[in-house]
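[1] How does the following fold in three dimensions:
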Amino acid sequence: MLRVVLATNRPKALQAFTEALSSNPEVQLESVDSGAEALEAVRTSAPHLVIIDLNLPDIAPLELVQKLIMVNAMVNTAVVSPLSEEEFHEASEGLGILARLPIDPGISNAGELLHKLRTVLGSG
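    Numbers count the residues shown, from 1 in each chain. Next comes the predicted model:
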């Protein structure tokens, strides 16, 4: 079972992406709407992946990644970002982020992300 936490306050915008993730029988998806809740989820349930949307009410995405790593260095992260791959790589260098997602990720992004996660975990 892959435990995934999605931190977003845009559930409607991410609906296709979220449905694609949760329709996979191997995925247990938990949605939270703040960085604080994402941190708490990592402390209490040690998810395999935390997906961080832009514009959370309490913290910037890359700052949240840094805090998540301090809580659990083994947690994988993916970040929704308007930056290009190159710009994102520059901004997030050293944080070990698994993937950058487009602002409106869809079904194919969910499949690619799960494939990357399984590869990193050694189960795909």
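[2] And the pLDDT for residue 123?
    According to the prediction, residue 123 has pLDDT 76.
[3] Spit out the contact partners of it.
    Not one residue lies near residue 123 by CB atoms under 8 Å, 6 or more residues apart in numbering. For glycine as for every other residue, the C-beta is placed from the backbone atoms N, C-alpha and C.
[4] Okay, it and residue 51: tell me how far apart.
    Going from residue 123 to residue 51 by CB to CB, to the nearest Å gives 18 Å.
[5] Residue 64 too?
    Noted for residue 64: a distance of 11 Å to residue 51, by CB to CB.
[6] Where does residue 113 fall, secondary structure wise?
    Residue 113 belongs to helix 107-121 when elements are defined using DSSP states H and E.
[7] chain center to that helix, what's the gap?
    Centroid separation between helix 107-121 and its chain, computed with CA atoms, centre = their mean, to the nearest Å, is 11 Å.
[8] now the helices for the chain?
    Applying DSSP state H to the chain gives helices spanning 15-22, 35-45, 61-71, 85-92, 107-121.
[9] To residue 4, which of these lies closest?
    Comparison of the helices of the chain against residue 4 by CB to CB identifies helix 15-22 as nearest, at 6.3 Å.
[10] now the closest one: mean pLDDT?
    97.
[11] The nearest residue to residue 41 once chain neighbours are set aside - how many residues pack around it?
    Spatial nearest neighbour of residue 41, chain neighbours left out: residue 5 (4.6 Å); criterion: CB to CB, 6 or more residues apart in numbering. By other CB atoms under 10 Å, 25 other residues sit near residue 5.
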